[in-house]
Structures are given as structure tokens and as C-alpha cells.
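Peer 1: Next input, structure requested:
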Amino acid sequence: MSNLSRERATLLDLIATKSFRLGDFTLASGAKSDYYIDCRVTTLDAEGGRLSGLVLAEMIREVAPDAEAVGGLTMGADPLVSNTASASAWWKLEHPEAGVVHGFLVRKQEKAHGTGRRIEGFVREGASVVVVDDVCTTGGSTIMAIEAVRAAGMKVAAVLCLVDRQQGGDENIERAVPEAKFVSVFTADDVRTAHVKLFPKK
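Peer 2: A predicted model of the protein is given here:
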């Protein structure tokens with residue numbers, strides 16, 4: 001098993017342990033669900049943060065090697081952005097020829113004070129970027145970030161999601177940005193299966 005495969009497997013177990021809950025929940029989309037995945041519990045964890053950054057940075061090198069930055073809608077994407085940008089910098093220390101990806105965060109709406117910016121961090125017209133999100137259900141928050149990125153004059157090279165709930169979000173995102181590849185690290189089924197294995201009913 002490669003190092004990345006081990007890291008993915010460990011990250012999946014962390015999400016299944018820390019972020020997955022069974023019960024009755026109302027999602028951000030308004031839909032009802034018998035389970036909930038709060039990836040921030042994992043991505044803000046020291047080890048979960050390290051692993052999520054390593055895995056996403058590797059995926060960006062594979063699907064969008066020319067990307068200059070990674071970002072997404074606050075606040076689900078916030079730790080992923082920071083973790084991934086840091087992981088790319090550590091990678092460059094060992095591989096000087098490699099590039100790095102900087103980070104940016106997209107507000108749900110423009111600030112009414114200060115600079116009034118919608119995007120904080122890296123912004124450069126014409127830049128190729130990757131949009132990330134922690135959980136994708138309908139894709140609404142991801143599409144909101146994509147629209148802000150385009151409005152800033154940047155190009156979306158790929159869209160990465162940590163966990164895809166497989167409820168049509170991937171198709172909605174692909175329609176919104178057909179030129180970009182949508183890739184998820186895990187599906188909700190992956191997480192649920194791992195959770196059941198780790199915590200079997202007695």
C-alpha cells in the first residue's frame with residue numbers, strides 16, 4: 001500500500017469516527033437525512049488536518065497541476081484550504097521543482113465594511129484555481145464559490161469534495177462548470193461503511 005493510500009485509509013477512519021453521526025437531521029439544503037457528516041470535526045483535528053491537506057494536495061497535483069490556488073466557501077472549506085496550501089508548501093521543500101497552491105476564502109456575501117471584498121486571500125485575474133468543499137449534497141455552496149471565483153476573473157480548473165453525499169451535487173456542479181473536473185475523495189457510502197465496521201451493532 002502506498003503512503004497516500006495509507007493516508008486516505010486513515011483519513012476515512014477518522015471521518016467515520018469523528019464526523020459521522022446517525023440520527024434525524026436537517027441538512028443545509030433543507031433535506032432530511034438519517035445521518036450527518038460534520039467534516040470540520042476531522043479537518044480541524046491536528047491529524048485529520050494533516051491528512052486532509054496531504055490527500056487534497058496530491059489530488060490537485062494529479063487533476064490540476066497548473067493550479068495556483070485552492071479555495072472555497074466559508075466555513076466548511078476554511079480548514080481544507082489552509083491544510084492543503086500548507087501541505088503543498090511542505091511538498092515543495094522535498095521537491096523544489098514543484099509549485100505551491102495558495103489559499104483563498106469566499107464569503108457568502110460581500111463585507112459591508114472595510115475593503116468590501118467577497119474573496120479573502122489569493123486573487124489574481126486569469127489565475128487557474130481549484131474550488132474545494134468538505135461535504136457536497138446539492139452542490140449549492142460549491143456553486144456559490146464558483147460564481148464568486150468567476151466574478152473575480154479566475155478560472156476553475158477542478159472542483160474537489162472531501163465527501164460526496166451522492167444526492168445530485170456532482171451533476172449540478174458539472175453543469176455549472178463543465179470545463180472543470182469534479183472529484184470526491186470519499187462518498188457518503190464509504191464513510192458509512194467504515195463507521196459500521198468500526199462501530200458494529202452488538
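Peer 1: give me the number of residues near A176?
Peer 2: Number of residues near A176 (other C-beta atoms under 10 Å) recorded here: 18. For every residue, glycine as well, the C-beta is placed using N, CA and C.
Peer 1: ok, the closest residue to it other than its chain neighbours - contacts?
Peer 2: Nearest non-adjacent residue to A176, counting by C-beta to C-beta, 6 or more residues apart in numbering: I143, 4.7 Å away. Residues near I143 by C-beta atoms under 8 Å, 6 or more residues apart in numbering: N172, I173, A176.
Peer 1: now those in TSV, with pLDDT, secondary structure and distance to A69?
Peer 2: Formatted as TSV, those follow (pLDDT from 0 to 100; DSSP: H, G, I helix; E, B strand; the rest coil; distance: C-beta to C-beta, whole Å):
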residue	pLDDT	secondary structure	distance to A69
N172	97	helix	23
I173	97	helix	18
A176	95	helix	19
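Peer 1: Quick check: of the residues you listed, which lies closest to E110?
Peer 2: A176 (20.4 Å; C-beta to C-beta).
Peer 1: pretty sure the closest one is in contact with G140, am I right?
Peer 2: No: here A176 lies out of contact with G140, judged by C-beta atoms under 8 Å, at a distance of 10.0 Å.
Peer 1: re the thing from before, my read is the residue nearest to A176 is in a helix, agree?
Peer 2: Yes: according to DSSP: H, G, I helix; E, B strand; the rest coil, I143 belongs to a helix.
Peer 1: And the helices in the protein?
Peer 2: 3-14, 40-43, 46-63, 78-94, 140-151, 169-176, 188-198 (DSSP state H).
Peer 1: just for the chain, where's the confidence low?
Peer 2: Scanning the chain with the threshold set as pLDDT under 70 gives 1-4, 111-116, 202.
Peer 1: what about V183, how many neighbours?
Peer 2: V183, neighbours per other C-beta under 10 Å, totals 18.
Peer 1: How about the contacts made by it?
Peer 2: Residues near V183 by C-beta under 8 Å, 6+ apart: M59, V63, A158, V159, L160, C161.
Peer 1: Please report the distance of it from L162.
Peer 2: Plainly put, V183 is 11 Å away from L162 if you go by C-beta to C-beta, to the nearest Å.
Peer 1: Likewise for V41?
Peer 2: 12 Å.
Peer 1: Pick out whichever of the two has more residues nearby.
Peer 2: L162 (26 against 16).
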